[in-house]
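>>> Coordinates for the following, if possible.
(3 chains)
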Amino acid sequence: MQRRDFLKALGAGAMLASGLSIKSVFASATPHVVIVGGGVGGATAAKYLKLADPNIRVTVIEKNPVYIRPYGSSEVLNDHIGMTELEVRYDRLRDRYGIEFLFDTVIGVDPLARTVRTAGGVQLNYDRMIVSPGIQLLYDRIEGYSASVAESRIPSAWIPGHQTRLLRDQLHAMRPGGTFVIVAPPNPYRCPPGPYERGALMAEWFKVHNPTAKVIILDSKDNFVPGPSMLLGWNRLYGYNVPERFREGMPTEGEWPMKAHEEPGMLEWVAGRDGGRVLSVDPAALSVETEAGRFQADVLNIVPPMVAGRVAFDLDLVDGTGYCPIDRRTHESTRHPGIHVIGDACVADAMPKSGFSANTQAKVAARAVVDLLAGRDTQVPLWENTCYALAGTEYGLYVADIFRLVDGRITRTEGPRFLPLDASRAQIRIGALYQQNWMRTFTEDCFA
Amino acid sequence: MKKHLLLILLLSLLGGQAFAEPKHGTAESWTPVRLHAALAAMPEGDVERGAQLHAALFCASCHGERGESLSRHWPALSGQRAPYTYKMMLDYRDGLRHEDARAEMMVVLARMMTEQDMADVAAFYAAQPLPGSAPLKKGHPVNDLVRRGDPQRLITPCASCHGVEGQGGRNETPSLAGQRPEYLVRTLKAFRDNTRHNDVHQGMAQFAWDLTDEEIRALADYYAR
Amino acid sequence: MRRQKTVKKFAYALALIVALFAATVHAQASETQQSERPTGEMMGNTCAACHGTHGRLGSAAFVPLAGMAAEEFVRAMRAFRDGSRPSTLMHSVAVGFSDEEYQAMAEFFAAQRIEE
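Here you go, the predicted structure:
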């Protein structure tokens, strides 16, 4: 405590004197940062640590030698891309920045001794640790559902891999006029627009390949991001009738007005207030029981509730919410010092759980770690979540939010968040074009 | 019947927004006859309408407020000859030009435009000042190549088509004066290795085949702002 | 316990001295504000997902920011904010930052090397 006060005071003075950097005499010559998890958060953190200070030794401990990106993975379902295009390799991070990789699983940590142990029997010393374990899906929370059912019959395909392939195959083999049912998860969950984008892309695909098919999204929620802009897209593309409560501001004339379809199209959304909450599932019959009654599916996709990835629990970083509480300024765990948590697994107040969030949180945490290792005062953080989503392959939407630390909470800056309802056709088309480009540039920022 | 009429009216009002998308390479390559016909059929461009489209279709986002180019990624369009700009838009639309990811973007954008739209933006850019000029530069390493060509390699002088000051020549030959050097380098290399092949009967590519990297860099420098 | 208190006192005294020194040497009002505002780099790093790490971009649809003249950056952000320049999401992004923050980001990007 003495040391920290002294350093803080020195640091504060240093900040006022134009950010003079005072290297702590107590830090080791080559500090070692261990990163648990090589997904978007972990990879970005590793890279930005090295960018800030190439002398820091960085080791990433990751289970899988090849990363399969979840963002944009729904584009496998409509054959826009193949599974191999989701693969991201770690070569660039290793070769360009000298980041070390250990393909293994973390089983324990000693926060006081600052050591971490792996299943493969390796023990590493660290000066600071960054944990970015993502999410785990709680299949068992839905009666009748389980991990084995998800792997074999009713995929979630929310963590990409075998289940994504399975879902794609099921959808492409669905009988003419069949029903595709998506069960959307309750808040908070990874990738807010995801289930609705998935339903939209499949409706677009079905229009060509299975025109009498139906898509039903069952929801316990009454709203979702990006809200009305997605509903308007559905109205324009899939004959969806926008519920009364969302119609304010919708264009009724001009280039592309919202229409009232006499015969609604194939896409349906059953909100929580209309009984969309799922009570149980019958894997044999492929049906779900909801508050509004029974829904029969030909292909069933359930996205269950989720919590922080398992390793966060193993390392005792999780609280009663199922996510990891942190010091919002530095992402340092409030349960164990020296360990920072980023990405889906951390409690980040107003920030959604998304790849983009993980990417900016990684940069904030990396900067904080670099400053803490050097004995400097930490910086004022700033986060963002600006990402594109699709209502169709040529219909681009987005959410754009900026977050600041206000009274100890990560708070969204007020402003326009979504594609305006009066956006031009050009904006919409170009938005879809940008979305495709963004997939590449985002991946490069994290992994190259 | 009325419903159908209404539909036709709506579609025509939308100004051709709904059109088929030809795949890459299925459009026929240019011949002198077809080029002549296409340019003769080019609608008269409206500069003001072109200015509006240039804003609404995000052209300005990459090419700059007056087409002067915002970065080495994208060419300057200001002062470019209208028939050339128009032809490039046709080439993007028909999939004849698609040499890299930036060109792929242009393909998408061109398919959102009618021929009138293309003529209008072409007129808008033609009305802007050229970003530079490339007069005689005695002593420059490639001045001879530009002014006299190289008979040994069957390279005619660049200036004979691209103009005495690089301002462009007959028909569709573009102005090079003041163009982004990085763009010129990319373009010459693309012609040389055949990733770009929207010229008539390899009329441009043939001169790039025997150019060295050094010469390409020097040529870009010669014409650049 | 007493030793802790002494060290604390010493630390605060030292901080005070350094602060006074800083205040006299650096008279600009913005100095204090800077320590409360995110740095140009902190804000600029949120742009990387589209505009490239530190603004360096290969072939892509977005504008590379590395090496961009600061006035150009500020002018562009202002135009996005007031809507005079059409955008998809840049308007939303620009609305979230102040003029001083535009300037800080502009200076950060202007100083980045261009090499891809």
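>>> alpha carbons only for contacts and neighbour counts from here, please
Fine.
>>> Tell me which stretches of chain B form helices.
In chain B, the segments counted as helices under DSSP state H are B:2-13, B:32-40, B:47-56, B:59-63, B:82-93, B:101-110, B:115-126, B:143-148, B:158-162, B:181-192, B:205-208, B:213-223.
>>> Let's have these in TSV, adding mean neighbour count, mean pLDDT and distance to chain C.
Output for these, formatted as TSV (neighbours: other C-alpha atoms under 10 Å in any protein chain shown; pLDDT from 0 to 100; distance: least, C-alpha to the nearest C-alpha, whole Å):
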stretch	mean neighbour count	mean pLDDT	distance to chain C
helix B:2-13	11	49	23
helix B:32-40	13	89	29
helix B:47-56	18	94	7
helix B:59-63	20	87	7
helix B:82-93	23	95	16
helix B:101-110	19	88	6
helix B:115-126	24	97	16
helix B:143-148	18	92	29
helix B:158-162	19	90	27
helix B:181-192	19	92	12
helix B:205-208	20	92	23
helix B:213-223	19	93	17
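>>> how about these, which one is nearest B:P75?
When the helices of chain B are compared by C-alpha to C-alpha, helix B:181-192 sits nearest B:P75, at 6.0 Å.
>>> for A:P337, what are its contacts?
A:P111 (C-alpha atoms under 8 Å, 6 or more residues apart in numbering or on different chains).
>>> And A:A345, by the same measure?
Counting by C-alpha under 8 Å, 6+ apart, A:A345 makes contact with A:S132, A:P133, A:G134, A:I135, A:V307, A:A308, A:G309, A:A312, A:Y323, A:C324.
>>> Mind picking the two most distant members of these?
A:S132 and A:V307 (12.9 Å).
>>> all helices for the chain, in order.
No chain specified, so I'll use chain A. Going by DSSP H, chain A shows helices at A:2-16, A:40-52, A:91-97, A:147-152, A:162-173, A:194-209, A:228-238, A:310-314, A:355-373, A:425-447.
>>> switch to chain C, that's the one I care about
All helices of chain C, identified by DSSP H, fall at C:2-25, C:30-36, C:40-44, C:48-51, C:70-82, C:90-95, C:99-110.
>>> Now do the last one against helix C:70-82: the angle between them, please.
This points to helix C:99-110. If you take axes from the mean of the first three to the mean of the last three C-alpha atoms, to 10 degrees, helix C:99-110 sits at 130 degrees to helix C:70-82.
>>> what's helix C:99-110 packed up against?
Where contact means 3 or more C-alpha pairs under 8 Å, 6 or more residues apart in numbering or on different chains; DSSP states H and E, helix C:99-110 is packed against helix C:40-44, helix C:70-82.
>>> can I get the ones you listed in a markdown table with mean pLDDT?
Output for the helices and strands packed on helix C:99-110, formatted as a markdown table (pLDDT from 0 to 100):
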| stretch | mean pLDDT |
| --- | --- |
| helix C:40-44 | 97 |
| helix C:70-82 | 95 |
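>>> ok, stretch A:311-330 near chain C or not?
No - applying C-alpha under 8 Å from any C-alpha of the partner chain, one finds stretch A:311-330 separated from chain C by no less than 11.4 Å.
>>> Can I get that stretch as CSV, trimmed to CA atoms?
Taking C-alpha atoms only, stretch A:311-330 is exported to CSV below (Å, rounded to 0.1, in the frame of the first residue of the first chain):
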residue,chain,number,x,y,z
VAL,A,311,-12.2,-20.4,-17.3
ALA,A,312,-13.5,-17.1,-15.6
PHE,A,313,-15.3,-19.4,-13.1
ASP,A,314,-12.2,-21.6,-12.7
LEU,A,315,-10.1,-18.5,-11.8
ASP,A,316,-12.8,-17.2,-9.4
LEU,A,317,-13.3,-13.9,-11.3
VAL,A,318,-17.1,-14.2,-11.5
ASP,A,319,-19.7,-12.8,-9.2
GLY,A,320,-23.4,-13.6,-8.8
THR,A,321,-24.3,-12.2,-12.2
GLY,A,322,-22.3,-14.8,-14.0
TYR,A,323,-19.9,-12.2,-15.3
CYS,A,324,-16.7,-10.6,-14.0
PRO,A,325,-16.8,-7.4,-12.0
ILE,A,326,-14.0,-5.0,-12.8
ASP,A,327,-12.5,-1.6,-12.0
ARG,A,328,-14.0,0.3,-15.0
ARG,A,329,-11.0,2.5,-15.5
THR,A,330,-8.4,-0.3,-16.0
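>>> who's in contact with it?
Contacts of stretch A:311-330 (C-alpha under 8 Å, 6+ apart): A:106-109, A:131, A:133, A:307-308, A:332-336, A:340-341, A:345-348, A:364-365, A:368-369, A:378-381, A:405, A:408-410.
>>> Give me the mean pLDDT for that stretch.
What stretch A:311-330 shows for mean pLDDT is 97.
>>> do stretch C:90-103 as well
On average, stretch C:90-103 scores 97.
>>> in it, what counts as buried?
Going by neighbour count (16 or more other C-alpha atoms under 10 Å in any protein chain shown), the buried part of stretch C:90-103 is C:M90, C:H91, C:S92, C:V93, C:A94, C:V95, C:G96, C:F97, C:E101, C:Y102, C:Q103.
>>> Now flag whichever of those residues is closest to chain B.
C:M90 (10.7 Å; C-alpha to the nearest C-alpha).
>>> Identify the residue nearest the closest one in space, chain neighbours excluded?
C:F80 (6.1 Å; C-alpha to C-alpha, 6 or more residues apart in numbering or on different chains).
>>> What of B:R49?
In space, and not counting its chain neighbours, B:R49 is closest to B:D120: 6.1 Å by C-alpha to C-alpha, 6+ apart.
>>> That neighbour reaches B:V47, doesn't it?
Yes - with contacts counted by C-alpha atoms under 8 Å, B:D120 reaches B:V47, the gap being 5.8 Å.
>>> do you know how far the nearest residue to A:G42 once chain neighbours are set aside is from chain B?
By the measure of C-alpha to C-alpha, 6+ apart, the closest residue to A:G42 outside its immediate chain neighbours is A:S132, 5.5 Å from it. Counting by C-alpha to the nearest C-alpha, to the nearest Å, the gap from A:S132 to chain B is 33 Å.
>>> What count of nearby residues applies to A:S132?
Residues lying near A:S132 (other C-alpha atoms under 10 Å in any protein chain shown) number 30.
>>> Quick one: residues contacting it.
Counted by C-alpha under 8 Å, 6+ apart, A:S132 has contacts A:I35, A:V36, A:G37, A:G38, A:G39, A:G41, A:G42, A:V341, A:I342, A:G343, A:D344, A:A345.
>>> Can you lay out those residues as JSON lines showing distance to A:G194 and pLDDT?
Shown next, in JSON lines, are these (distance: C-alpha to C-alpha, whole Å; pLDDT from 0 to 100):
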{"residue": "A:I35", "distance to A:G194": "27", "pLDDT": "98"}
{"residue": "A:V36", "distance to A:G194": "25", "pLDDT": "98"}
{"residue": "A:G37", "distance to A:G194": "22", "pLDDT": "98"}
{"residue": "A:G38", "distance to A:G194": "22", "pLDDT": "98"}
{"residue": "A:G39", "distance to A:G194": "18", "pLDDT": "98"}
{"residue": "A:G41", "distance to A:G194": "19", "pLDDT": "98"}
{"residue": "A:G42", "distance to A:G194": "22", "pLDDT": "98"}
{"residue": "A:V341", "distance to A:G194": "23", "pLDDT": "98"}
{"residue": "A:I342", "distance to A:G194": "20", "pLDDT": "98"}
{"residue": "A:G343", "distance to A:G194": "17", "pLDDT": "98"}
{"residue": "A:D344", "distance to A:G194": "14", "pLDDT": "98"}
{"residue": "A:A345", "distance to A:G194": "18", "pLDDT": "98"}
